[in-house]
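A.B. asks: what follows is a predicted structure for the sequence shown.
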Amino acid sequence: MIDALRVLDGVMRLADLVQRDMAEPFAGTSLTMSRAALLWVLHSTGPSTQQALATALDVTPRNITGLVDGLEASGHVARAPHPIDRRATLVTLTDLGSEVMQQMVAQREHMADDLVAELTPAEREALSAGLEKLADRYETMLAAREGKGSP
C-alpha cells in the first residue's frame with residue numbers, strides 16, 4: 001500500500017513540473033501566468049466585466065485592473081463600453097489575444113496527449129477519478145480551514 005506522504009510527494013512533483021512547463025512558453029513575452037489565466041477566462045466565457053474577471057480569478061478588482069492594463073498595452077485585450085450598463089466596461093480578446101489562445105489550446109491538447117500516452121485507458125480512468133477525489137478533498141479541507149464548512 002502506498003502511504004499518504006508518497007501520494008502527496010507525487011502530486012507536488014507533478015504540480016511543479018506542470019508549472020515549470022507552462023511558464024516556458026511565456027519566457028521573453030509580456031505574458032505571465034496571471035495574464036494567461038485572465039486570457040483563459042475570456043476565452044472560456046467571452047467578453048466580461050472586470051468585476052466578473054476578478055470573481056472568476058478570485059483576485060481583487062485592483063489586481064484585475066493591472067492585469068487588464070498590461071494585456072491591453074500588449075494588444076491581447078481591449079476595453080469597450082458595456083452595451084447595457086453605462087458604468088461597466090467589457091474586456092474582450094483582440095485578434096492577437098484570440099490567436100494566442102488558439103495556440104495555447106493546441107499546446108494544452110498536445111501536452112495532455114503526450115502526458116498520458118503510456119497509460120492504458122483503465123489507468124487513465126483510475127488516475128482521473130483519483131485526482132478528482134483528491135481535488136475535492138483538498139477543496140473541502142481548505143474551505144474548513146477558511147471557516148466555510150467542515151471537513
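C.D. replies: Cool, got the structure.

A.B. asks: excluding sequence neighbours, find me the nearest residue to the residue nearest the centre of the chain.
C.D. replies: Per CA atoms, centre = their mean, the C-alpha nearest to the average position across the chain is that of residue 37, at 4.5 Å. In this structure, residue 37 finds its nearest non-sequential neighbour in residue 57, 5.9 Å apart by CB to CB, 6 or more residues apart in numbering. Quick note: C-beta positions are derived from backbone N, CA and C, even for glycine.

A.B. asks: low-confidence ranges, the chain, go.
C.D. replies: Along the chain, segments meeting pLDDT under 70 span 1, 25-28, 148-151.

A.B. asks: what about the strands in it?
C.D. replies: Applying DSSP state E to the chain gives strands spanning 48-49, 77-81, 89-93.

A.B. asks: from memory the residue nearest to residue 37 sits against residue 39, does it?
C.D. replies: No. When contacts are counted by CB atoms under 8 Å, residue 57 is not listed as touching residue 39 (11.0 Å).

A.B. asks: which of these two has more neighbours?
C.D. replies: Between residue 57 and residue 39, counted using other CB atoms under 10 Å, residue 39 has the larger neighbour count: 21 against 16.

A.B. asks: the more buried one: what's it in contact with?
C.D. replies: By CB atoms under 8 Å, 6 or more residues apart in numbering, the residues touching residue 39 are 31, 71, 76, 77, 93, 97, 100, 101, 104.

A.B. asks: and the fourth one, how far is that from residue 86?
C.D. replies: Plainly put, residue 77 is 20 Å away from residue 86 if you go by CB to CB, to the nearest Å.

A.B. asks: okay, these two: which has more neighbours?
C.D. replies: Remark: of residue 77 and residue 86, residue 77 carries more neighbours, 25 against 8, as counted by other CB under 10 Å.
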